[in-house]
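Asker: how does the following fold in three dimensions:
(chains A and B)
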Amino acid sequence: MRRTTPTRRPAPPRILATLLLAATVCAIGAPPAMARGRDALSADDVAWLRRDGFGLDSASVARYRELGRDRYLDEQLDDRSGDGLPPDIAQLIHGYEVVSTPPDQLIASYQAEQERIKDMPDGDAKVEARKALQQHGNDLLQEAQQAALLRAVYGSNQLKEQMVWFWLNHFSIYGAKGRVRWVAARYADESIRPHALGKFKDLVMATLRSPAMLEYLDNAQNAKGHVNENYARELMELHTLGVGSGYTQQDVQQLALILTGVGIAPPADKQRVNPKMASLYVRDGLFEFNPMRHDFGDKVLLGQPIKGSGFDEVEQAVDLITRQPACAKFVATKLARYFVADEPSPALVDKMARTFQRTDGDIAKVLRTMLESKELTANTGKKFKDPMQFVVSSVRLAYDGRPVVNARPLLNWLNQLGEPIYGRLTPDGWPLDASGWASSGQMAKRFEIARAIGTGNNRLFVPEGSNGVAPGFPMLTTRLYYDAIDPHLSAATRDALAKAASQQEWNTFLLSSPDFNYR
Amino acid sequence: MNRREFLFAAAAAATAPLFSYSGRLFAAPASTPRFLLVFLRGGYDCNNLLVPCGSDFYYESRPTIAIARPDAANPNSAIALDSQWGLNPVLRDSLYPLWQRKQLAFVPFAGTDDMSRSHFETQDNIESGEPTGQRTDYRSGFLARLSGSLANVPSIAFTDALPLSFQGGGKDIPNISLRGVAKPAFDERQSGILAEMYKGTSLAAAAADGLELRQKVSKDLQDEMMKANRGATTAKNFAAETQRIATMMRDQYRVGFVDVGGWDTHVNQGGASGALANNLTNLGQGLAAYADALGDEWNNTVVVVVSEFGRTFRENGNKGTDHGHGTVYWVLGGRVRGGRIAGEQVAVNAQNLLQNRDYPVLNNYRDMLGGLFARTWGLSPSQLQSVFPGAKPRDLQLV
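Answerer: Take a look at the predicted model:
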């Protein structure tokens, strides 16, 4: 694979413009490296690829050319390309403490440290120790956020990477709350990622059993006689059925009772279960179902009786909820809103919801219905990228697979655009439509970040803590650009690019353009 | 200017000839009224802000998180406002002085008739300002419609993203977060080229206004900081932010929106200290800083603090509270008829709880804000109907 050298001097803009012109005019017999000719992708192929993944890079375009759309889609949905990452990026991610240390160990050391601090005499040392513990948690959260971003930029199955982000957002958690920081990375890798293209019900159960969700929505506190209905409500409203889909306050309260005793396991030496109840106790890593904390009364959920029996009630409830037609409709609508249009056509949503119901919530099959529909590309260029899509697609285009050594700038850009991973305070997740991200203040910010990426004034290639110098600006005028982007640019964007006074500025304008920011 | 003059100026401003405003920056006439909506997202626990300390039921319901009855010897007890109500003592230095100057009123039993008890549904419902269950436009907010029906009331949201309140009004409303304002990144030529690319797209105004506003604000704030920089600000983040908001509201804008999150206290919310008290402390300091920073223009200012709902009256098993219904709204301003508890009320006891759970709503926010807007800007009935369709505005004589 050809790779550009960021330190290369910029082509003078006039020459660039000439090249551009040459590429446009001389489709036949043009210089081989730069020309667009037989190799140019059709508008429909480009549109499809820009929806299927976070954004174009040479590797994804090459694979698409090799397989053709149908087989490319098959490969992605069967997840045959796995979670392939460049070795340097895999190494960077595995160097993070939050990834390399098992979560039960992280939580155990956190709890031990908390106990130690509690027993310290009041004074500066205690204050310092508490601060250090907080700082440690913050560092772990940042690592978790960086890992998620690196996977989005470099993951070889871009459809899956988008789905991991989509589900992280759908089953949103807030990193700064309680112990969530210590387990957020595992939430992505162990609760979401393995089920991102699997069965929706399994995904719901995996999030329900995750310490991150149980901590965030307070179900770790939900016990017989001390009922906390927070998670029960959001499970129906935000994760499965949608508000106004027919469930009642009564249903929320009943589901909260069903969920009593579902929580986070205490350290092993603190665990006490009455021998009579021991057979009903469930423990799996940090997850526990504690029958001592469960309300064993009989319940009625969505009109169906559920007999008080233990953790089995939870599985029955999730089964019941995810089989409701409202659930199929709700999930299909959100998927279509993310991939296709802010207001997706009811016909498409119906088609997807029918697939959802027919296949018992098989996510890959619902995605296939969507990705094979004519609606996917019918409104090409009208779906405004959210900040995550903008940041990830910019870096994919600008650096085209070149491994960064420092993911902190990625995180900062996403924070500045107001869409940090694990940063949504409320459990509804970030908005999926343009109106959430296209206000005047956000547009200005987006141009500034396009500038940081386009001019190379960033620290992506400077190791953290080092005071080394950034290697310069990226070259965006690669074969990828001439094959997939240049042929489809609008006149307004061409005009702007022609006015660029330097390569850096040219990059900034391209990444700021409507052509790049709508997909 | 006395209250009558204030109201007269308001009416005059409302009938001034209409001219187009699309985020352009200019100074509005000094004496037109200013309105700031502060949205507490997460459903704050009003019962530990405006404490029903005359109610034995309150103390029975909250064995661990209640605020003690007023007691001169106990600094953590409620500050008596009248025989029935007290104020959380964390507001003693920030907002209680405003109450004493009669510039702060509370409206308990306020909120919407939306019964979903969902944060998101209820926030959207309130921001839309349309009748519950009859929303026809999911992308239209009442502040946008207010701003659209009045001349010469430039509006702004002090948020990262444009809130629903300000969407869909037919004119572009700028938004800017004042949590950190850096130097502008682009010169005029670059800004021009960037804006040009978006000409003819639906984001044309947002792109152009965003570039222009950032340029202007960072210059203004740098000037401001030069002038006022006699040492670092001591107030917490929100207070620093509200001081900047005040500068912009004083000079350029007339309707503003800011939101504050973190009020969803299901677990260990605390009483006179703890998580909720910390939030209230910051909020109180922020609002006091806003009043201070406006100087004389505080007399032309109304601030309303709302939240999507209140919480369960009884504390839950985790020393917190769950989603409830009615809540307490705050109304502040130099000419506000404050120092009183306004609106319709009932005794705080078990029989009067809604569904044996939370406060009923006796003062619908659409009627109440409609009445307030009518007084502030002299809106006609038809203008009011466009802001709050189907509402029955009630004048609580808050200004």
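Asker: need the strands for chain A, in chain order.
Answerer: Assigned by DSSP state E, chain A shows strands spanning A:262-264, A:282-284, A:287-289, A:299-301, A:304-306.
Asker: between those, which one is closest to residue A:467.
Answerer: In terms of Cβ to Cβ, the element of the strands of chain A nearest to residue A:467 is strand A:262-264, at 41.7 Å. Placement of C-beta: from N, CA and C, glycine included.
Asker: just to revisit the earlier point, most packed of the strands of chain A?
Answerer: strand A:262-264 (a mean of 22; mean count of other Cβ atoms under 10 Å in any protein chain shown).
Asker: check which helices and strands it sits against.
Answerer: Applying 3 or more Cβ pairs under 8 Å, 6 or more residues apart in numbering or on different chains; DSSP states H and E, we find strand A:262-264 packed against helix A:211-216, strand A:287-289.
Asker: can you list contacts of it?
Answerer: A:107, A:179, A:208, A:211, A:214-215, A:219-223, A:286-290, A:293, A:311, A:314 (Cβ atoms under 8 Å, 6 or more residues apart in numbering or on different chains).
Asker: returning to what we had before: ok, of the strands of chain A, where does mean pLDDT dip lowest?
Answerer: Between the strands of chain A, the lowest average pLDDT goes to strand A:282-284, which shows a mean of 93.
Asker: what separation is there between the nearest residue to residue B:363 once chain neighbours are set aside and residue B:333?
Answerer: Of all residues not flanking residue B:363 in the chain, residue B:343 sits nearest, at 4.0 Å (Cβ to Cβ, 6 or more residues apart in numbering or on different chains). Residue B:343 sits at a distance of 17 Å from residue B:333 (criterion: Cβ to Cβ, to the nearest Å).
Asker: between these two, which one's more packed in?
Answerer: A side-by-side neighbour count of residue B:343 and residue B:333, using other Cβ atoms under 10 Å in any protein chain shown, places residue B:333 first with 28 against 22.
Asker: count of neighbours near the closest residue to that one other than its chain neighbours?
Answerer: Take residue B:333 and drop its neighbours on the chain: the residue closest to it by Cβ to Cβ, 6+ apart is residue B:302, 4.2 Å away. Neighbour count for residue B:302, taken as other Cβ under 10 Å: 21.
Asker: now swap in residue A:77 and tell me
Answerer: Per other Cβ under 10 Å, the neighbour tally for residue A:77 reads 19.
Asker: how about the contacts made by residue A:273?
Answerer: Residues near residue A:273 by Cβ under 8 Å, 6+ apart: A:281, A:290, A:291, A:292.
Asker: need the per-residue pLDDT for the first one.
Answerer: Among the per-residue scores, residue A:281 shows a pLDDT of 95.
Asker: around it, how many other residues sit close by?
Answerer: Neighbours of residue A:281 under the rule other Cβ under 10 Å: 18.
Asker: pLDDT wise, what is the residue of chain B found nearest chain A at?
Answerer: Here chain B gets closest to chain A at one residue, residue B:317, 2.3 Å apart by Cβ to the nearest Cβ. Note for residue B:317: predicted pLDDT of 89.
Asker: name the nearest residue to it, sequence neighbours excluded.
Answerer: Nearest residue to residue B:317, sequence neighbours excluded (Cβ to Cβ, 6+ apart): residue A:226, at 2.3 Å.
Asker: what number of residues lie near that neighbour?
Answerer: Neighbours of residue A:226 (other Cβ under 10 Å): 13.
Asker: so what's it up against?
Answerer: Taking Cβ under 8 Å, 6+ apart, we find residue A:226 in contact with B:316, B:317, B:318.
Asker: ok, back up a step: most neighbours among the contacts of residue A:273, which one?
Answerer: By neighbour count, taken as other Cβ under 10 Å, the most surrounded of the contacts of residue A:273 turns out to be residue A:290 (24 neighbours).
Asker: my guess is that residue contacts residue A:278. True?
Answerer: No: contact criterion Cβ atoms under 8 Å: residue A:290 and residue A:278 do not qualify, at 10.9 Å.
Asker: residues near residue A:174, how many?
Answerer: By other Cβ under 10 Å, 19 other residues sit near residue A:174.
Asker: could you check how far it is from residue B:119?
Answerer: Residue A:174 is 13 Å from residue B:119, by Cβ to Cβ.
Asker: kindly report the same for residue A:483.
Answerer: Taking Cβ to Cβ as the measure, residue A:483 falls 47 Å from residue B:119.
Asker: neighbour count winner among those two?
Answerer: More crowded of residue A:483 and residue B:119, by other Cβ under 10 Å: residue B:119, with 24 against 21.
Asker: what are the phi and psi values for the more buried one?
Answerer: Torsion angles at residue B:119 (phi, psi; degrees, to the nearest 10) stand at phi -50, psi -50.
Asker: which stretches of the stretch 1-150 of chain B form helices?
Answerer: Counting by DSSP state H, counting those that start in this stretch, the stretch 1-150 of chain B has helices at residues B:3-15, B:56-61, B:96-100, B:119-128, B:142-149.
Asker: per-stretch mean pLDDT over these, give me the minimum one.
Answerer: Here these differ in mean pLDDT, and the lowest is helix B:3-15 at a mean of 46.
Asker: returning to that earlier point: wait, the residue nearest to residue B:363 sits on residue B:109?
Answerer: Yes: using Cβ under 8 Å, residue B:343 makes contact with residue B:109 at a distance of 6.7 Å.
Asker: what is in contact with these two at once?
Answerer: Residues touching both residue B:343 and residue B:109 by Cβ under 8 Å, 6+ apart: B:362, B:363.
Asker: with adjacent residues omitted, what lies nearest to residue A:254?
Answerer: Of all residues beyond its chain neighbours, the one nearest residue A:254 is residue A:299 (4.6 Å), with distances taken as Cβ to Cβ, 6+ apart.
Asker: dump the residue contacts of the one you found.
Answerer: By Cβ under 8 Å, 6+ apart, residue A:299 lies in contact with A:254, A:257, A:258, A:305, A:306, A:308, A:313.
Asker: tally of neighbours for the last one?
Answerer: Looking back up the chat, that one is residue A:313. 26.
Asker: measure the closest residue to it other than its chain neighbours to residue B:76 for me?
Answerer: Spatial nearest neighbour of residue A:313, chain neighbours left out: residue A:258 (4.7 Å); criterion: Cβ to Cβ, 6+ apart. Applying Cβ to Cβ, the value for residue A:258 to residue B:76 is 39 Å.
Asker: more crowded one of those two?
Answerer: More crowded of residue A:258 and residue B:76, by other Cβ under 10 Å: residue A:258, with 26 against 14.
Asker: most widely separated two among the contacts of residue A:299?
Answerer: Most distant of these, by Cβ to Cβ, are A:257 and A:305, 13.1 Å apart.
Asker: show me what the residue in chain A that chain B sits nearest to is bridged to.
Answerer: Residue nearest to chain B within chain A: residue A:226 (2.3 Å; Cβ to the nearest Cβ). Judged by DSSP bridges, the bridge partners of residue A:226 are residue A:223.
Asker: what count of nearby residues applies to residue 303?
Answerer: Picked chain A for this. By other Cβ under 10 Å, 9 other residues sit near residue A:303.
Asker: could you do chain B instead?
Answerer: Residue B:303: 25 surrounding residues under other Cβ under 10 Å.
Asker: kindly report the same for the one 10 residues further on.
Answerer: Each residue near residue B:313 was counted by other Cβ under 10 Å, and the total is 28.
Asker: for residue B:168, give me phi and psi.
Answerer: In terms of degrees, to the nearest 10, the main-chain angles of residue B:168 are phi 80, psi 20.
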